[in-house]
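In: Here is a sequence with its predicted model. Questions after.
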Amino acid sequence: MFDKLLKIEPLGDDVMHLNSDAPSPRALKDAAVLIPLAYHQNQWHILFIRRASNEQDRHSGQVAFPGGRFEDSDASFEDAALRETHEEIGVPANKIELLGKITPYVTVSDYSVTPIVGTIEWPTPLTLQETEVARAFLIPLLWLQDTDNFTYRARRELDPLSSRRHPIIVFNEFDGETLWGATARMTLNFLKAVSDGNIRIPER
């Protein structure tokens, strides 16, 4: 299903990569996110967040995964993802079962982000860190896997201030939210890892 996602054509002098939104000569900062899977209404979903509005945050108001910068106190990327998830949406580590991780992704803000995949007990009460997170919501895995639900679009449509001109992945609107950019690409990387058998989702 996902073979066509790897056949990404050059645009001018730029070459797009599924694992990089912004190849950069600058030093990269490490970060980790959790791709949280929740079993709800007899099917698997991914739990996403929408970041709170913040003029100092380039990714303000965007759909994202819980996560953040790797700290000196973190022993691993898994620890960083679990810590940030607890801080941002209130889900403790003992409510999460880790399934693995996928290839790091380089963002426009010069972060190398390692996505950690895990299932969370559901339903689980969420406590949102209001300064960081405006909303948490679920999108069905089957909906995300449907190639009719995403496309390539011009970056300027959703990121008009960016100087980069290569297209971005944009999913159709779901529950009033639009998944696009780095989070959309990490979602596709996750879906391909599942398709390739590198990440195994528990059967129910």
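Out: Arrived safely, thanks for sending.

In: what are the phi and psi angles of the residue lying closest to Lys95 once chain neighbours are set aside?
Out: Using C-beta to C-beta, 6 or more residues apart in numbering and skipping the chain neighbours, the partner closest in space to Lys95 is Glu121 (4.6 Å). (C-beta placed from N, C-alpha, C; glycine too.) Main-chain dihedrals, Glu121, degrees, to the nearest 10: phi -60, psi 130.

In: So Glu121 versus Phe77, what's the distance?
Out: According to C-beta to C-beta, to the nearest Å, Glu121 and Phe77 sit 22 Å apart.

In: for this protein, longest strand please?
Out: In the chain, with assignment by DSSP state E, the single longest strand is strand 29-40.

In: Who are the packing partners of that one?
Out: strand 43-51, strand 67-69, helix 77-89, strand 96-101, strand 111-120, helix 181-195 (3 or more C-beta pairs under 8 Å, 6 or more residues apart in numbering; DSSP states H and E).

In: circling back to that earlier point, the residue nearest to Lys95: neighbour count?
Out: Counted with other C-beta atoms under 10 Å, the neighbours of Glu121 add up to 13.

In: So which residue is smack in the middle of this structure?
Out: The residue lying closest to the centre of the chain (C-alpha atoms, centre = their mean) is Thr183, at 3.4 Å.

In: in terms of contact, does that residue touch Phe65 like I think?
Out: Yes: between Thr183 and Phe65 a contact is recorded at 6.2 Å, counting by C-beta atoms under 8 Å.

In: where do the contact lists of the two overlap?
Out: Common neighbours of Thr183 and Phe65 are listed as Phe48 (criterion: C-beta atoms under 8 Å, 6 or more residues apart in numbering).

In: so can I have TSV of the helices and strands packed on strand 29-40 showing distance to Pro167 and mean pLDDT?
Out: Converted to TSV, the helices and strands packed on strand 29-40 look like this (distance: least, C-beta to C-beta, whole Å; pLDDT from 0 to 100):
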stretch	distance to Pro167	mean pLDDT
strand 43-51	22	97
strand 67-69	25	96
helix 77-89	28	98
strand 96-101	27	98
strand 111-120	20	97
helix 181-195	11	94
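
In: so which of these comes closest to Leu37?
Out: Judged by C-beta to C-beta, the one of these that comes nearest to Leu37 is strand 111-120, at 4.6 Å.

In: Buried residues of stretch 132-139, list them for me.
Out: 132-133, 136, 138-139 (16 or more other C-beta atoms under 10 Å).

In: next one: stretch 26-35
Out: Here stretch 26-35 shows 31-35 as buried, counting by 16+ other C-beta under 10 Å.
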